[in-house]
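In: need a 3D model of the following:
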Amino acid sequence: RISAVKALKKEGNELYKKGVMFHGHTLGKNTMIDCCTKYAKALEDLQEIDTLFSESKSTKYLSNTETGKDDEIQLELQELKISIFLNLAAAGLKMDSFDSVLNCCNAVLDIVQPSAGVSTSSSNSNCNSDSDSNSNSNS
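Out: This is a model prediction of the structure:
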């Protein structure tokens, strides 16, 4: 399933490149929206994987099984999640959706600084909200 998330991210990356090429035109904006949709789906799938993995890891921990490989997988999931959030932030910048950019960056900070005890974002799903992409547009 991680490979499916990586494939969605790759599709989002291709759409991002196409959207940048047509920046300022309707095609560019629509392509960026499609790009964000791919990234959002990748994050949704990644959250499901993360939840299943965490449940599986808890079971293994209780049975005293080796967790070294689990830590590697957890790190890969975390790095993938960070990468996708940052890609969403970049797409948000291209769409002048500054609220979503801020939400994505805050989501990354929540991932890399979980021990701080202060949540910087109310929800990761607000990262690519279509409603704020239109409300902050300068055109």
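In: can you show me the helices along the protein?
Out: Secondary structure of the chain (DSSP state H): helices at 2-21, 26-62, 68-94, 98-112, 130-135.
In: could I get those as TSV with mean neighbour count and mean pLDDT?
Out: The C-beta positions use only the backbone N, C-alpha and C, and glycine is treated the same way. Converted to TSV, those look like this (neighbours: other CB atoms under 10 Å; pLDDT from 0 to 100):
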stretch	mean neighbour count	mean pLDDT
helix 2-21	16	95
helix 26-62	17	88
helix 68-94	17	92
helix 98-112	19	96
helix 130-135	15	41
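In: can you pull the pLDDT of Val118?
Out: If you check Val118, the pLDDT there is 51.
In: before we move on, what about the one 5 residues further on?
Out: According to the prediction, Ser123 has pLDDT 44.
In: also Thr67?
Out: 61.
In: just Asn136 next, same as before
Out: 39.
In: and if you look at the one 3 residues further on?
Out: Note on Ser139: pLDDT of 33.
In: got it, and Asn64?
Out: 52.
In: one more: Cys127?
Out: In this model, Cys127 carries a pLDDT of 61.
In: for Leu43, give its distance to Asp99.
Out: 17 Å (CB to CB, to the nearest Å).
In: repeat that for Asp50.
Out: Computed as CB to CB, the Asp50 to Asp99 distance reads 25 Å.
In: now Pro114
Out: 23 Å.
In: quick one, what contacts Asn87?
Out: 9, 12-13, 16, 39 (CB atoms under 8 Å, 6 or more residues apart in numbering).
In: what's near enough to touch Gly12?
Out: Residues near Gly12 by CB under 8 Å, 6+ apart: 35-36, 38-39, 42, 84, 87, 91.
In: and if you look at Lys41?
Out: Leu8.
In: the one 4 residues further on now?
Out: Taking CB under 8 Å, 6+ apart as the definition of contact, the neighbours of Asp45 are 1, 4-5, 8.
In: out of those, which comes closest to Leu27?
Out: Leu8 (21.3 Å; CB to CB).
In: residues in contact with that closest one?
Out: Counting by CB under 8 Å, 6+ apart, Leu8 touches 38-39, 41-42, 45.
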